[in-house]
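*Asks:* I would like the atomic coordinates for the input below:
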Amino acid sequence: MGRPPRPREPRDRRAARRRLLRRRPARLVRRPPRAEGLLVAVPGRPSTPRLARGARAKPRRPSRSRSATGSGVAPARIATARVYDPPKAGEGERILVMRLWPRGIRKDRVDRWLRELGPVVPLLRAFRAGKVTWPEYRRRYLAGLRRPEAAARLREVRQAARRGPVTLLCGCPDPKRCHRTLLRDRLVRRRSAG
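*Replies:* Model prediction:
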């Protein structure tokens, strides 16, 4: 026959849900930097200072994942793949960068879904319909990565790539004309963009 109709939610509950969906993402809270080499006098022992809590005896070495050009992530750390292809050994963290969830893909095939890094739906539809050329699509997609929510997700991907290998996933069959390649190039080339 069909499904019975869903009971309607009360108006105030629907309004609360809409407000929740419209809320801006929470701002990232920065922690204060750790004290480097701060010495504190030990009570009862005036001649033997010790390191303050949270201070480091030696400053941290710079990350080895940065290339000589100063970019944020070494190119070998970020790969791209089609989400419909089977996972390969050594792919590391699999990050889906599409606005809409791809059909037929189970949630366990992806480690993280960052929809803010996918192209906005109107831009994607216009490109697929042939109304937008590749250079225009590229320009508009890269401009969209400057939005605050996209910039926060870019930082997340960079941090993940510094921890280990990362694979950016999308459903496009041609990697040369796909936003995942544009995104990878942006992450590799720029250190503080976004």
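
*Asks:* Only C-alpha atoms from now on, for both contacts and neighbour counts.
*Replies:* Noted.

*Asks:* So Val157, which state does it fall into?
*Replies:* helix (DSSP: H, G, I helix; E, B strand; the rest coil).

*Asks:* Output stretch 96-108 as CSV, restricted to C-alpha atoms.
*Replies:* What follows is stretch 96-108, C-alpha atoms only, in CSV (Å, rounded to 0.1, in the frame of the first residue of the first chain):
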residue,chain,number,x,y,z
LEU,A,96,34.8,12.5,1.7
VAL,A,97,34.7,16.1,0.3
MET,A,98,31.2,16.1,-1.3
ARG,A,99,28.1,18.2,-0.3
LEU,A,100,25.8,15.3,-0.8
TRP,A,101,26.4,11.7,0.3
PRO,A,102,27.1,9.4,-2.7
ARG,A,103,24.6,6.8,-3.6
GLY,A,104,25.3,3.2,-2.6
ILE,A,105,28.3,4.0,-0.3
ARG,A,106,28.1,2.7,3.2
LYS,A,107,29.2,5.0,6.1
ASP,A,108,32.1,2.6,7.0
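
*Asks:* Name the residues of it that come out as buried.
*Replies:* The neighbour-count check on stretch 96-108 (16 or more other Cα atoms under 10 Å) flags 96-99 as buried.

*Asks:* which strands and helices sit next to the strand or helix carrying Pro122?
*Replies:* Using DSSP states H and E, Pro122 maps to helix 121-128. Helix 121-128 sits against helix 134-144, with contacts defined as 3 or more Cα pairs under 8 Å, 6 or more residues apart in numbering; DSSP states H and E.

*Asks:* what about the helix it packs on, average pLDDT?
*Replies:* For helix 134-144, mean pLDDT rounds to 94.

*Asks:* Could you point out the helix or strand that follows the helix or strand encompassing Ala81?
*Replies:* Secondary structure from DSSP H and E places Ala81 in strand 78-82. Counting by DSSP H and E, the next helix or strand C-terminal to strand 78-82 is strand 93-96.

*Asks:* How about residues contacting that following strand?
*Replies:* For strand 93-96, contacts defined as Cα atoms under 8 Å, 6 or more residues apart in numbering pick out 83, 109-115, 160, 164-170.

*Asks:* Helix, strand or coil: sort out Ala161 for me.
*Replies:* Once three-state DSSP is applied, Ala161 turns out helix.

*Asks:* By mean pLDDT, flag the weakest helix or strand of this protein.
*Replies:* strand 39-42 (a mean of 50; mean pLDDT, DSSP states H and E).

*Asks:* So which of the contacts of strand 93-96 are in helices?
*Replies:* Ala160 (DSSP state H).

*Asks:* For the contacts of strand 93-96, work out which two are farthest apart.
*Replies:* The distance between the two most remote of those (Cα to Cα) is 21.1 Å, for Arg115 and Gly164.

*Asks:* how about low-confidence regions in this protein?
*Replies:* Judged by pLDDT under 70, the chain has its weakly predicted residues at 1-11, 13-14, 16-76, 190-194.
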